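*Asks:* the following comprises the amino acid sequence and a computationally predicted model.
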Amino acid sequence: MADRAPDGWTGTEQRLWEAFRHGEVLDLRAGKEEDDDPAGSGDWGAERTVRAEVLARLLISGPDPAPGRVAALKLQGGYVTGPLLLAGAAITHYIELHGCRFDKPVLLSEARAGTIRLIGCLIPRLEASRLAAEGDVHLARCVVPQGIRLTDARIGTDLLLNQAVLGGDRHHRAVSADGLTVHQDLEAERLEVYGEFGLRTGRIGGRLSLRGAQLRMADADRNCLNLARTTVGTLYLTGSADNRWTTSRTEYGYGYGPPHDPGAPVTPFRAQGGVRLVDARFEQACLIHDAEFRLSGRQELSLRRIQTPELRFACRTAPDGRVSLSRARVGNLVDTPQAWPGAGLVRLTGFTYESLRPAEPFGVAERIAWLENSLGEYQPEPYEQLAAALRRDGRDEDAREVLYAKQRRRRAALPVHARLWGLLQDVTVGYGYRPGRAALWLLLAWLLGTVYFTGHPPAPLKADEMPTWNAPLYTLSKLLPVVDLGQEGWNPGHTGQWVAAALVLTGWVLATTVVTGATRLLQRG
């Protein structure tokens, strides 16, 4: 293959030819930040211009490398004119373009490549559906006004979108990545999106990090993030510590970093539009904290039917729209009271979790309010689920409090006669969850009965038999009619008969409700 650039190539393109053969960087920057910003208004002249067909020629059928070198396309600060047509190409060379400005879309659909790094570039649109990359694909700090298509693409290691700014296509889709497979991590920290970030039925082997991302959807009925039926290792919808990005012009790699101080400034994850994680599976955790959700109309933060060993939901301010966890399955639920919206905006039907691990104090009264805020009509399952989780943590008293609240909520849905009976059970023994109340009522009835019969002793049933009179024991024998205390030989007068009947009735009612409550506790025990 020829060692010289083809005839008709400009001097800049010939220099790129030689840089490619030697695997070296061709730096075409002007040296001033305002003039080297691809998204700025600076005029990039002919000395910085490279035709897209030249890049395609180098990558598809470029020259042999110089002896002892590895050929690679490395360009910095170049102005690429015309569409870069690489659809269906087999690209074996390493690609790294920094701070380049493209005036037409980049087309990589169905291409096969190793590693592709486009860092800080302006690209009108990137078409890369069914791209197969064995290595990384880096688009950090790129500006893509008409969005990215990565439908059914396969990335061998990592996909990096940190600090990219993405606009939407004519359908308001900024990232179209349904069916995307990333074997390791997809990092999109501090990403700015103006449209929908769609990644349905995808698979991310490691983490999907949207720390500090800003997602905005102008359409009031559309989602700004759609991860329905996607499988992810760990999802981060969290804030990003500002001190990690002080040198962000050169940072585009992995984003774990050291934990930020509690008082350090943080840029929260922000979603202005619906967030849809329906049927998604998170194999390690789904982390949602230091996040803000602005929902309107029919939008919601939908976690319906998700599955994850841990869900952290610890936002500093609650979403201003509906949060749905219907039929979700979670191991540890880590949350805070202020993270949940009020006004009936939480849906927990069929939501199951193994244990509660609140990040801040979350009392049982607040838990019950959280639960009842999520219910329209009475449903027993959420109460049973909460009580079971509390019992697994050894909080039996709190579990009984939840079940007591369940009975009170149930009473409101019963017919009138059943509500009256339920009210009586509530007042007397708290449906068996307040056994101390029965003792107090019995004590009060015993004292009142004793006072009455002390002043109104009854006559004996038989004139020739005069048992020893004892007003306290006589009253107790009426309250506990199945117990013989030797006070059955007395015949109270007219009023006394009514008082005795009231004592007997009170004793039977209290005994019945105590047995009902005890049976319920044993069944739950």
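*Replies:* Nice, I can see it.
*Asks:* helix/strand/coil for the residue positioned nearest the centre of the chain?
*Replies:* The residue lying closest to the centre of the chain (CA atoms, centre = their mean) is residue 288, at 5.0 Å. The local conformation at residue 288, judged by DSSP: H, G, I helix; E, B strand; the rest coil, is strand.
*Asks:* show me the shaky parts of the stretch 201-350 of the chain.
*Replies:* Per-residue confidence for the stretch 201-350 of the chain (pLDDT under 70) gives these ranges: 220, 243-263.
*Asks:* ditto for the stretch 401-525 of the chain
*Replies:* For the stretch 401-525 of the chain (pLDDT under 70), the answer is 412-414, 417-419, 421-439, 441, 463-466, 481-487, 489, 509-525.
*Asks:* strands along that one, start to end?
*Replies:* Secondary structure of the stretch 401-525 of the chain (DSSP state E, counting those that start in this stretch): strands located at 459-460, 490-491.
*Asks:* any chance of those strands in TSV, plus mean neighbour count and distance to residue 34?
*Replies:* (Glycine included, C-beta is placed from N, CA and C.) Below are the strands of the stretch 401-525 of the chain laid out as TSV (neighbours: other CB atoms under 10 Å; distance: least, CB to CB, whole Å):
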stretch	mean neighbour count	distance to residue 34
strand 459-460	13	113
strand 490-491	14	108
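*Asks:* for these, which one sits closest to residue 362?
*Replies:* Smallest distance to residue 362 across those (CB to CB): 57.2 Å, for strand 490-491.
*Asks:* what's that closest one packed up against?
*Replies:* Secondary-structure packing of strand 490-491 (3 or more CB pairs under 8 Å, 6 or more residues apart in numbering; DSSP states H and E): strand 459-460.
*Asks:* kindly recompute the last result at 10 Å.
*Replies:* Identification of packing neighbours for strand 490-491 by 3 or more CB pairs under 10 Å, 6 or more residues apart in numbering; DSSP states H and E yields strand 459-460, helix 494-524.
*Asks:* give the contact list for residue 193.
*Replies:* When contacts are counted by CB atoms under 10 Å, 6 or more residues apart in numbering, residue 193 touches 147-148, 161, 164-168, 174-175, 210, 213-217, 224-225, 271-273.
*Asks:* in strands, which of the residues you listed fall?
*Replies:* Counted as lying in strands by DSSP state E, out of the contacts of residue 193, are 148, 165, 166, 174, 175, 214, 215, 216, 224, 225, 271, 272.
*Asks:* top of those by neighbour count?
*Replies:* Ranked by neighbour count (other CB atoms under 10 Å), those have residue 224 at the top, with 30 neighbours.
*Asks:* on that earlier part again, I'd guessed the residue nearest to the centre of the chain sits against residue 235; true?
*Replies:* Yes - Residue 288 is in contact with residue 235 according to CB atoms under 10 Å; the separation is 8.1 Å.
*Asks:* give me the common contacts of the two.
*Replies:* Taking CB under 10 Å, 6+ apart as the criterion, residue 288 and residue 235 both touch 277, 311.
*Asks:* residue 304: which of the strands of the stretch 401-525 of the chain is closest?
*Replies:* When those are compared (using CB to CB), the closest one is strand 490-491, at 68.1 Å.
*Asks:* please state the offset of the closest one from the chain centre?
*Replies:* Mean-position distance between strand 490-491 and its chain equals 71 Å (CA atoms, centre = their mean, to the nearest Å).
*Asks:* paired strands for that strand, with orientation please.
*Replies:* Here strand 490-491 is paired, per DSSP bridges, with strand 459-460 (antiparallel).
*Asks:* centre of the chain to the partner strand, how far?
*Replies:* Centroid separation for strand 459-460 versus its chain: 75 Å, with CA atoms, centre = their mean.
*Asks:* with stretch 121-137 instead?
*Replies:* 29 Å.
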